[in-house]
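Novice: After the sequence you'll find the predicted model.
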Amino acid sequence: DVKVTQSSRYLVKRTGEKVFLECVQDMDHENMFWYRQDPGLGLRLIYFSYDVKMKEKGDIPEGYSVSREKKERFSLILESASTNQTSMYLCASSLYNYGYTFGSGTRLTVV
Amino acid sequence: QKEVEQDPGPLSVPEGAIVSLNCTYSNSAFQYFMWYRQYSRKGPELLMYTYSSGNKEDGRFTAQVDKSSKYISLFIRDSQPSDSATYLCAMNPGGGADGLTFGKGTHLIIQP
């Protein structure tokens, strides 16, 4: 069964900390994505990547950066965590324009 | 106007009922249409996808797309308590891996 694995289910970080969220997929997919999900706002695209070392901004990239050094791994970086970045973060991968496979999510709380 | 509109619910129906979930959208460039199911504290999982207009059936689930009305639907027949979840519609123009635009999701409750 195909899998997208996010390294942490729950994280608590302090304001101003640099935070790394890791995502690994085992499907040899070209495309990987980071979304955040908030009540009343739904899923919003932060960044995506369609190849190693490539990255594209999504709808809400401010305060975030990403890294894709290997095909299977896509990292989301919060440069200086703030309380408004408290959210559920979802990683996904896909081979085509549909059929995105999501991880189980990381619930991040910034205090 | 939001790109994708979806009633958040909750929608509560008795077991065995036919459920209709809907989304409207404004971007006529959307070509790929998907429905995801999300259980509490889990990531979304793909239920069905449709390319362009038409119907698609998979077991108890039927997806419909009407591009002329910019309206998509998911029907669930013989609904079960295990169908209780949040259902998200999603779509994109295709032609590149530029991410999906999601509706906010409808919370569905199937009463035993």
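Specialist: Yep, that arrived. Bear in mind that the values here come from a model prediction, so they are computed numbers and not experimental data. Numbers count the residues shown, from 1 in each chain, chains lettered A, B, ... in the order given.

Novice: Dig out what the nearest residue to B:P10 once chain neighbours are set aside forms beta bridges with.
Specialist: Leaving out its chain neighbours, the residue that sits closest to B:P10 by Cβ to Cβ, 6 or more residues apart in numbering or on different chains is B:H107, at 4.3 Å. Any C-beta I mention is one placed from the backbone N, CA and C, and that applies to glycine too. Counting by DSSP bridges, B:H107 forms beta bridges with B:T86.

Novice: who touches B:H107 in this structure?
Specialist: B:P8, B:G9, B:P10, B:L11, B:A85, B:T86 (Cβ atoms under 8 Å, 6 or more residues apart in numbering or on different chains).

Novice: I'd guess the first one is in a strand, am I close?
Specialist: Read that as B:P8. No - the assignment for B:P8 (DSSP: H, G, I helix; E, B strand; the rest coil) gives coil, which keeps it out of a strand.

Novice: I'd assumed B:L108 was in contact with it.
Specialist: No - assessed by Cβ atoms under 8 Å, B:P8 is found out of contact with B:L108, at 10.8 Å.

Novice: Same drill for the two, tell me which one is more crowded.
Specialist: Legend: neighbour count by other Cβ atoms under 10 Å in any protein chain shown for B:P8 and B:L108, higher for B:L108 (21 against 14).

Novice: Would you check how far apart the more buried one and chain A are?
Specialist: 16 Å (Cβ to the nearest Cβ, to the nearest Å).

Novice: Around the residue lying closest to that residue once chain neighbours are set aside, how many other residues sit close by?
Specialist: Distance criterion Cβ to Cβ, 6+ apart; nearest residue to B:L108, sequence neighbours excluded, is B:L11 at 5.2 Å. By other Cβ under 10 Å, 15 other residues sit near B:L11.
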